Every structure is written in structure tokens, then in C-alpha cells.
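could you look at this predicted model? Sequence included:
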Amino acid sequence: GGRGATGPAPAQGHSDALAVLQQAVRDKALVWVGYVDAHGATASRLVKPVSIGAGYLRAEDERTEMLHTFALHRITAAVRPD
């Protein structure tokens, strides 16, 4: 495939990330979520999205089984693990 783009691939669009998250909620699937933390650093976490609404993603941390809330505007990417 390819879109005839030259140079490095552009970063994943925000709407693409949201689509991945919404699908993962339906599938109860794990997703790597890339986000900007409170200090402005980028981080990523493997979580299971539970719900999306009111500008927030609620997702369960796979290891600790704790529920985390991510502001959607801070999410930079969402990728299903291979």
C-alpha cells in the first residue's frame, strides 16, 4: 500500500487513536496508550480500555488492575499489541 508519502511516516492522528480505543472497549482488548503526563513528558502504558466519555478514557492497568483516567486530549497514540 502506502499513500505515496515521502520521508518518515506522520504521527498517528488523534481520531485514529480514538478509533483504536473505542474498538478496544468493544473487544475488551489491551492497548498501548501513549500520552503526555502532568510534567509534559510522553509515556506509554499497556491498559484495557473500559469506557470513553466526557473527554476521558477510563482504562484498567493490566498489572495492578487499578482503574486509570486519561484526558483524551493528552493521548497521543493508541496501538494494539502484536
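Received the coordinates, thanks.

hang on, V36 packs against R74?
Yes - taking contacts as Cβ atoms under 8 Å, V36 lies within contact range of R74: 4.7 Å. Placement of C-beta: from N, CA and C, glycine included.

pLDDT wise, what is Y56 at?
Per-residue confidence for Y56 comes out at a pLDDT of 96.

list the beta-bridge partners for it.
Partner residues in beta bridges with Y56: G53, A71, with DSSP bridges as the criterion.

what's the answer for the one 5 residues further on, then?
With beta bridges defined as DSSP bridges, D61 has these partners: V47.

show me what contacts it?
With contact taken as Cβ atoms under 8 Å, 6 or more residues apart in numbering, D61 is in contact with 45-47, 67-68.

so which of the residues you listed comes closest to K28?
Top of the list for closeness to K28, among the contacts of D61 and by Cβ to Cβ, is V47 at 11.7 Å.
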